[in-house]
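In: Any chance you could fold what I've pasted below:
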Amino acid sequence: MIKAGFVGFGEVNTPAEIILKKCTDAAEALGKEGLDLVSVYPVTDDYEEKDIKKAVEALKKDDFDVLVVCIAGWIPTHAVVKVTEHFRNKPMVLWGLCGWMEDGRIVTTADQAGTTAIRKTFYDLGYDFKYIYDIIGLPSKTKKVYNYCVAAAAAAKLRHARSGMAGYRDMNLYGTQFDGGSLKREIGPEIETFEMLEMEQRYQKITDEEKQAVIDKCMAKWNFLKPANPESMKKAAGYYLAVRDICRERGYDAISLKDVDGMKKLLGFPPAPIFMLLSDEEGLCTIPENDSLGNITQLMVKYLTGQCAFYLEFYEFFEDRVLAGVPDYVPAEVTDGGVTVMPAAFGELSEGILNVSKVKPGPLTMCRLTFDDGQYYMHMVRGEGISPRKWEEAGWTQPAPQLPGLEILLDDVEAFAENVMCQHYIISYGDNTEVIENLCDILGIQIIR
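Out: Below you'll find the model as predicted:
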């Protein structure tokens, strides 16, 4: 559960029972959404500032990722700031409750008088905050408050996140590089590189019994259209165990491997099944080709949605849709009908285990983090994924496999193409634009649509 501070305010002359009930109802509603609250209310502007001192002491006893400043009625600005200044380093929600209808008339405690007095002050003080207000007769904005808290928790998690990368800049691509200093300063994650030699050295120490255990326990779940070479199965299991141990030891939440110029060229083994096992068995975000910011985008989306945040790359643009697929694998979580694999070879590469699973259709959010001239941007668009027509990538051994993919219907393909930032985009199901926008707002990332 996401932990949040909750402090409810109301003016000292407003009937205490009204403020207490409004704050209690608001706190309970947030609890039902899934927040674990460190709560203190009601806090008034009493002359001796006893309530303010009580609030600060209560909130300092525990840690939390975000502070919900709940305004249940008019409150002088100074009373709020004397509490919030102790937590100015945390994102905040300025949430104004509302009045009610009684015998055909509006009854109000002047909630929005309080929030409108405070909003500009929060801005002037440099707080990271979201301003939300309720409206009489409409459902409370509890969900919007919760969504901002989700983003704040994700921002806190990103601050100490670690991604592992074997090698760097596969195929000498430009778009997969990153600036370590600005990434750490602005967003938080650390991308740590390790040599493929270390992976190979660990692989050499994996026993046949350990490899077979992975084959029997994990790879046996896959649906093989044709039997795979037993040696390919053992390599996949062994390299998975080698990389898994590195990730566990160093606390990586995401991983990328040098693919074309590394695993395939130097070791003669396409890494698709390694990524599948790392994703499905370890819950890691995985992306090939040393895609640094692709990996970070995955972490952001996963922390926000709880989904695996898988990648697709673009093959064709049409007037109303894009064809997006992968030449290697998708996580089991996004398959429609389970993981399906087959032995296959591409061009001059040796035969590997190719994932040919169908991808679940449905409404989705597609996004990509990018960096330009000192500023981070998030390109984001909503779409509808539908099962693709029969298609193939030229170069595969015939009969060519149907690669995992979707045809993604977009409102404006041309506008999307004008802003496209890389061949890899991160996919999550549903409309996740609000939580992504909230996170970008907290981190100072500009949104591109």
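In: Could you spell out which stretches of the protein belong to which domain?
Out: Segmentation of the chain into domains, based on automatic domain parsing, reads 2-158, 162-448.
In: I'd like the ones you listed laid out as TSV, including mean neighbour count and mean pLDDT.
Out: Heads up, the C-betas are built off the backbone N, CA and C, glycines and all. Conversion of the domains of the chain to TSV gives the following (neighbours: other C-beta atoms under 10 Å; pLDDT from 0 to 100):
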stretch	mean neighbour count	mean pLDDT
domain 2-158	19	97
domain 162-448	18	94
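In: residue contacts, Phe310?
Out: For Phe310, the contacting residues are Ser279, Gln298, Val330, Pro331, Glu333, Val334, Ile426, Ile427, by C-beta atoms under 8 Å, 6 or more residues apart in numbering.
In: What is the nearest of the residues you listed to Val43?
Out: Distances from Val43 to these, taken as C-beta to C-beta, are shortest for Gln298 (40.1 Å).
In: Could you pull up phi and psi at that closest one?
Out: Note on Gln298: backbone dihedrals following degrees, to the nearest 10 are phi -60, psi -50.
In: wait, it sits on Asp291?
Out: No: contact criterion C-beta atoms under 8 Å: Gln298 and Asp291 do not qualify, at 9.1 Å.
In: where do the contact lists of the two overlap?
Out: Tyr311.
In: Return the member of the contacts of Phe310 nearest to Ile445.
Out: Checking the contacts of Phe310 one by one against Ile445 (C-beta to C-beta), the nearest turns out to be Ile426, at 14.1 Å.
In: Now the closest one: which helix or strand?
Out: With the criterion set as DSSP states H and E, the secondary-structure element containing Ile426 is strand 424-429.
In: Contacts for the helix or strand following that strand, please.
Out: In the C-terminal direction, the helix or strand that comes right after strand 424-429 (DSSP H and E) is helix 433-443. Taking C-beta under 8 Å, 6+ apart as the criterion, the residues outside helix 433-443 that touch it are 91, 128, 130, 144, 147-148, 150-152, 154-155, 158, 186-187, 300-301, 304-305, 365, 367, 376, 378, 380, 382, 445-447.
In: how close does Lys90 get to Ala156?
Out: Lys90 sits 8 Å away from Ala156 when distances are taken as C-beta to C-beta, to the nearest Å.
In: what is in contact with these two at once?
Out: Overlap between the neighbourhoods of Lys90 and Ala156 consists of Asp65, taking contacts as C-beta under 8 Å, 6+ apart.
In: I'd like the contacts of Phe310 as TSV, with distance to Asn419 appended.
Out: Output for the contacts of Phe310, formatted as TSV (distance: C-beta to C-beta, whole Å):
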residue	distance to Asn419
Ser279	28
Gln298	20
Val330	25
Pro331	27
Glu333	28
Val334	25
Ile426	15
Ile427	17
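In: which of the residues you listed lies closest to Ala58?
Out: Distance ranking of these against Ala58, using C-beta to C-beta, places Gln298 first at 37.1 Å.
In: so where's the longest helix in the chain?
Out: Ranked by residue count, the top helix of the chain under DSSP state H comes out as helix 230-250.
In: chain center to that helix, what's the gap?
Out: Computed by C-alpha atoms, centre = their mean, to the nearest Å, the separation of helix 230-250 from the middle of its chain amounts to 26 Å.
In: Show me what it is packed against.
Out: Based on contacts counted as 3 or more C-beta pairs under 8 Å, 6 or more residues apart in numbering; DSSP states H and E, the elements that helix 230-250 packs against are strand 162-166, helix 196-204, helix 208-217, strand 254-257, helix 272-282, strand 352-355.
In: Adding distance to Val81, write these out as JSON lines.
Out: Written out in JSON lines, the entries for the helices and strands packed on helix 230-250 read as follows (distance: least, C-beta to C-beta, whole Å):
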{"stretch": "strand 162-166", "distance to Val81": "36"}
{"stretch": "helix 196-204", "distance to Val81": "52"}
{"stretch": "helix 208-217", "distance to Val81": "57"}
{"stretch": "strand 254-257", "distance to Val81": "39"}
{"stretch": "helix 272-282", "distance to Val81": "45"}
{"stretch": "strand 352-355", "distance to Val81": "55"}
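In: Is Thr109 in contact with Gly99, as I believe?
Out: Yes: contact between Thr109 and Gly99 holds when scored by C-beta under 8 Å: they sit 6.4 Å apart.
In: that older thread, and of the helices and strands packed on helix 230-250, who's closest to Glu11?
Out: Across the helices and strands packed on helix 230-250, the minimum distance to Glu11, taken as C-beta to C-beta, is reached by strand 162-166, at 46.8 Å.
In: Between helix 230-250 and that closest one, find me the angle.
Out: 140 degrees (axes from the mean of the first three to the mean of the last three C-alpha atoms, to 10 degrees).
In: Only C-alpha atoms, please: export the helix or strand following strand 162-166 in PDB.
Out: Next helix or strand after strand 162-166 toward the C-terminus (DSSP H and E): helix 180-186. The C-alpha coordinates for helix 180-186 follow below in PDB (Å, rounded to 0.1, in the frame of the first residue of the first chain):
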ATOM      1  CA  GLY A 180      23.900   9.600 -16.300                       C
ATOM      2  CA  GLY A 181      24.200  12.800 -14.400                       C
ATOM      3  CA  SER A 182      20.900  14.400 -15.500                       C
ATOM      4  CA  LEU A 183      19.000  11.100 -15.200                       C
ATOM      5  CA  LYS A 184      20.100  10.700 -11.500                       C
ATOM      6  CA  ARG A 185      19.500  14.400 -10.700                       C
ATOM      7  CA  GLU A 186      16.100  14.800 -12.400                       C
END
